[in-house]
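Enquirer: quick one: sequence and predicted model below, then my questions.
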Amino acid sequence: MDGPVPELTEHAAACAARLRDADRVLLASHIDADGLTSAGIASTALERADIPFETVFCRQLDEAAVADIAATDYDTVLFTDFGSGQLDIITKYEAAGDFHPVIADHHQPAEGVETDHHLNPLRFGLNGASELSGAGASYVLARALEPEDRDNRDLAALAVVGAVGDMQDTNGELRGANAGIVDEGVAAGVVEEGTDLRIYGRQTRALPKLLQYATDVRIPGISNNEAGAIEFLTELDVPCRDDDGEWKRWVDLTGDERQALASALIRRAIASGVPASRIDDLVGTTYVLSREQEGTELRDVSEFSTLLNATARYDRADVGLAVCLGERDAALDRARRLLRNHRKNLSNGLQWVKEHGVRVEDNLQWFDAGDEIRETIVGIVAGMAVGTDATRNGIPVLAFAEKEDGEVKVSSRGSYVMVRDGLDLSAVMREASRAVGGDGGGHDVAAGATIPKGKVEAFIAEADRIVGEQLAEDAD
Ligand SMILES: [Mn+2]
């Protein structure tokens, strides 16, 4: 069997064999949309393979979290969507005979250490930030774990949600190893791929809100402008309201109506001077989960991943996992309430940044939200602030927030243009945090760290220096 990602097939088989040898498995996963879908995929695969397991979630897999895991009486631990960056810690416990690790992850591995059952696209020449997510790595493992009489390709739906949750489709579509997973999902009848308007909320948002809140591509007079969005829709030759006068959603329109609306929107964007490169971003590849009900958050992968993030950021991984495992009713209601609350917090957070502004250093900009923005969402707020008039173009944004334990959480966000110019925030966060007694890592375009209280200024100086070096090195 070739598997969805041929480069990983052989190694996935070895990891699967290791899990089959275990009496039972402790599944430990990261708390975010990708981590929850990873856990959904891995736990379904373990169950179908008749391997007893228990699931735990950690926000951060630090020394203390690994020690807690080692203290359980599980001999085999499956880490999903984290573990690679903590190989130095994990292998210490492995060497001491505390547990055998199996890792399905896509983050930068810690250097100078390795373990046998470590499934990570970066080990096989694939890009972990853009080509395969933690859920994707878990899916590859799930395909290797499937029993003779059972096909696990239906789990591709969750793998696509995880990839989109980690923003691996930001270049207009899922590529590389992810594309292989999409193909399997399509073949299994759980994923539909199409070309459509790439605006968030096609399933659930009323048309004026869909357009008003679509700020990835800003269209003057429509984005962030309710009256403007309503006027635009009213002037169109498309019936945007139903028989009761209620606004329709994108999903309620016919194919022709969608096309007419999209064309009018593009004409309007061109007339308003939006650059051609940005206009191209308005339309792209979209992914729909065929087996989910139309008009729900679960039908659209990006709305699904947002729903999961809303459970994760508020310590309700149990709710997010239940939704991934197919529970609807109570779990879905709870998730939707968490999402409404999450939206309110994000909009308050962005408002706070706009009011207080950012401080600009030589090579980066930053804001310290203290306890005004929850540390679990400060990274999203920083990402939302990139590209708005609240921040400067061309340099990354660092955001600080207080953690409950008194330490300081740092989140950083860049853009793919900056990455092309040499930016690697994963290295910035790791090196600058370690220089002040903290730790961090992540991806080139988005990364995070935790540092001791009182070290913010020293951290900023160090990070500013490293970003300066990265951008200068690439220039020559
Ligand atoms: Mn991930």
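Expert: Good, I have the coordinates.
Enquirer: rest of the way, CA atoms for contacts and neighbours
Expert: Noted.
Enquirer: what is the burial count for Val5?
Expert: Neighbour count of Val5, defined by other C-alpha atoms under 10 Å: 22.
Enquirer: which residues touch the residue nearest the centre of the chain?
Expert: For the chain, the residue nearest the mean C-alpha position is Asp166 (2.2 Å; C-alpha atoms, centre = their mean). By C-alpha atoms under 8 Å, 6 or more residues apart in numbering, the contact set of Asp166 is 33-34, 133.
Enquirer: ok, Val288 next?
Expert: 191-193, 299-301 are the contacts of Val288 under C-alpha under 8 Å, 6+ apart.
Enquirer: tell me the most packed of those, by neighbour count.
Expert: That'd be Val191 among these, by other C-alpha under 10 Å, with 28 neighbours.
Enquirer: show me what it is bridged to.
Expert: Bridge pairing for Val191 (DSSP bridges) gives the partners Leu289.
Enquirer: my read: it touches Leu155, true?
Expert: No. Taking contacts as C-alpha atoms under 8 Å, Val191 lies outside contact range of Leu155: 10.0 Å.
Enquirer: any shared contact partners between these two?
Expert: Gly185.
Enquirer: if we can go back for a sec, looking at the contacts of Asp166, which are in helices?
Expert: Within the contacts of Asp166, residues falling in helices by DSSP state H are 33-34.
Enquirer: who wins for most neighbours among the contacts of Asp166?
Expert: Ser133 (34 neighbours).
Enquirer: how about low-confidence regions in the chain?
Expert: 1, 215, 474-476 (pLDDT under 70).
Enquirer: close to the ion: what parts of this structure are there?
Expert: 34, 134 (C-alpha under 5 Å from the ion).
Enquirer: now do the domain split for the chain, please.
Expert: 6-171, 197-334, 357-475 (automatic domain parsing).
Enquirer: need those domains in a markdown table with distance to Glu184, can you?
Expert: Compiled in a markdown table, the domains of the chain are given as follows (distance: least, C-alpha to C-alpha, whole Å):
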| stretch | distance to Glu184 |
| --- | --- |
| domain 6-171 | 6 |
| domain 197-334 | 13 |
| domain 357-475 | 26 |
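Enquirer: most packed of those?
Expert: domain 6-171 (a mean of 22; mean count of other C-alpha atoms under 10 Å).
Enquirer: start and end of it, how far apart?
Expert: Chord length of domain 6-171, first to last residue, is 23 Å (C-alpha to C-alpha, to the nearest Å).
Enquirer: centre of the chain versus it, how much separation?
Expert: How far domain 6-171 lies from its chain's middle: 16 Å, per C-alpha atoms, centre = their mean, to the nearest Å.
Enquirer: list the residues that contact the residue in the stretch 51-200 of the chain positioned nearest to the ion.
Expert: The minimum distance from the stretch 51-200 of the chain to the ion, using C-alpha to the ion, falls at Gly134 (4.6 Å). By C-alpha under 8 Å, 6+ apart, the contact list for Gly134 reads 34-35, 38, 80-82, 104-106, 162-163.
Enquirer: and if you look at Val408?
Expert: With C-alpha under 8 Å, 6+ apart, Val408 has these contacts: 400-402, 450-453, 456.
Enquirer: go with 10 Å
Expert: 368, 370, 375, 400-402, 438, 449-456 (C-alpha atoms under 10 Å, 6 or more residues apart in numbering).
Enquirer: in space, what's closest to it - neighbours in sequence excluded?
Expert: Glu402 (4.8 Å; C-alpha to C-alpha, 6 or more residues apart in numbering).
Enquirer: distance check, that neighbour against Gly370.
Expert: Distance, Glu402 to Gly370, by C-alpha to C-alpha: 5 Å.
Enquirer: any chance you could map the strands in this structure?
Expert: Ranges of strands within the chain are 25-30, 53-58, 76-80, 100-104, 118-119, 191-197, 283-289, 359-360, 365-368, 397-402, 408-413, 439-442, 446-451, based on DSSP state E.
Enquirer: how about TSV for those strands, with distance to Asp256 added?
Expert: As requested, the strands of the chain are exported to TSV (distance: least, C-alpha to C-alpha, whole Å):
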stretch	distance to Asp256
strand 25-30	42
strand 53-58	45
strand 76-80	42
strand 100-104	43
strand 118-119	45
strand 191-197	12
strand 283-289	15
strand 359-360	47
strand 365-368	45
strand 397-402	41
strand 408-413	38
strand 439-442	42
strand 446-451	38
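Enquirer: so what's Gly284 bridging to?
Expert: Counting by DSSP bridges, Gly284 is bridged to Asp196.
Enquirer: residue contacts, it?
Expert: Counting by C-alpha under 10 Å, 6+ apart, Gly284 has contacts 169-173, 194-199.
Enquirer: same deal with Ile31?
Expert: Contact analysis of Ile31 by C-alpha under 10 Å, 6+ apart lists 37-39, 56-60, 81-82, 308-309, 311-318, 320-321.
Enquirer: just to revisit the earlier point, between Glu402 and Gly370, what contacts are shared?
Expert: With C-alpha under 10 Å, 6+ apart, Glu402 and Gly370 have common neighbours 408-409.
Enquirer: distance check, the residue in the stretch 301-450 of the chain that the ion sits nearest to against Leu307.
Expert: Nearest to the ion in the stretch 301-450 of the chain, going by C-alpha to the ion, is Gly442, at a distance of 8.9 Å. Relative to Leu307, Gly442 is positioned 22 Å away (C-alpha to C-alpha).
Enquirer: longest helix anywhere in this structure?
Expert: helix 329-356.
Enquirer: for it, packing partners?
Expert: Judged by 3 or more C-alpha pairs under 10 Å, 6 or more residues apart in numbering; DSSP states H and E, helix 329-356 is in contact with helix 301-312, helix 317-324, strand 365-368, helix 378-385.
Enquirer: and these: which comes nearest Arg340?
Expert: helix 301-312 (8.4 Å; C-alpha to C-alpha).
Enquirer: picking that back up, might one say that the residue of the stretch 301-450 of the chain closest to the ion is in contact with Glu431?
Expert: No. Gly442 is beyond contact range of Glu431, at 11.8 Å (criterion: C-alpha atoms under 10 Å).
Enquirer: now Ala229: closest residue in space that isn't a chain neighbour?
Expert: Ile222 (4.7 Å).
Enquirer: so who does that neighbour touch?
Expert: By C-alpha under 10 Å, 6+ apart, the neighbours of Ile222 are 208-209, 211-215, 228-233, 265, 268-269.
Enquirer: quick one: it from the ion, how far?
Expert: As judged by C-alpha to the ion, to the nearest Å, Ile222 and the ion stand 33 Å apart.
Enquirer: need the phi and psi values for that residue.
Expert: phi -120, psi -50 (degrees, to the nearest 10).
Enquirer: Arg340: how many residues sit nearby?
Expert: When counting by other C-alpha under 10 Å, one arrives at 12 neighbours for Arg340.
Enquirer: pretty sure it sits against Ala310.
Expert: Yes. Under the criterion of C-alpha under 10 Å, Arg340 makes contact with Ala310 at 8.4 Å.
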